[in-house]
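Novice: no sequence for this one, just the structure:
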């Protein structure tokens, strides 16, 4: 399976709270599920904010981890961090990872085109993409980059992958495709580095075009 979008990796049955949910109930769920936060949604499933363990600790709600469910006290709507940082189900895995890193969060609500929550994605989910067998990377590069994107015959090319390092060998019919192929390969999720040994077409003097121009 190709993991391209946040929606491919998310957990769809995301735990969530309403703005009127008591903080004690939120704290109990975090403890029982072993998770770091829950999105707060309205009656239309649109994300209003997020309550995290840090929110509980900062506001003293951490004591609610052992509180009685349903007791009177602050609500999720009063405690939540706003605005909520979200990603769309159609957003790329790379964008999702950058958003987590930029905002220093370990989990993000995933929303649809109408901003309604459809799931949760975590750093652990992303590891399913970035820790990948070399054979999977090779297959994706051949299929998605060489054949589908560049419309090239893969037969004259050699793509080898060792510990995420990709080596490209072979001669391409267009000189411009040499750098494009390497650049697109480097953007495949899980690729650590690219060794580009591709060459361009042979010119009239029997040399590759890039050498004839020197």
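Specialist: Here it is on my side, so go on. Since we're looking at a predicted model, the values are computed, not measured. Numbering: from 1, shown residues only.
Novice: surely residue 35 meets residue 15?
Specialist: Yes. The criterion here is CB atoms under 8 Å, and residue 35 meets it with residue 15 at 6.7 Å. Every C-beta, even on glycine, is put in place using the N, C-alpha and C of the backbone.
Novice: Find residues that contact each of these two.
Specialist: Applying CB atoms under 8 Å, 6 or more residues apart in numbering, one finds that residue 35 and residue 15 are jointly contacted by residue 29.
Novice: pretty sure residue 139 belongs to a helix, no?
Specialist: Yes. Using DSSP: H, G, I helix; E, B strand; the rest coil, the assignment for residue 139 is a helix.
Novice: Kindly state the pLDDT recorded for the spatially most central residue of the chain?
Specialist: Nearest residue to the geometric centre of the chain (CA atoms, centre = their mean): residue 93, 2.6 Å. Predicted confidence (pLDDT) for residue 93: 83.
Novice: For residue 145, give me its contacts.
Specialist: 181, 184-185, 188.
Novice: how much space between it and residue 54?
Specialist: 41 Å (CB to CB, to the nearest Å).
Novice: repeat for residue 185
Specialist: Residue 185 is 39 Å from residue 54, by CB to CB.
Novice: Looking at those two, which has the bigger crowd around it?
Specialist: residue 185 (24 against 13; other CB atoms under 10 Å).
Novice: Could you verify my assumption that the more buried one touches residue 194?
Specialist: Yes. With contact defined as CB under 8 Å, residue 185 reaches residue 194; the gap is 5.1 Å.
Novice: Quickly list what's touching both of these two.
Specialist: With CB under 8 Å, 6+ apart, residue 185 and residue 194 have common neighbours 166, 168.
Novice: care to break the chain down by domain?
Specialist: What automatic domain parsing lists as the domains of the chain is 6-129, 134-212.
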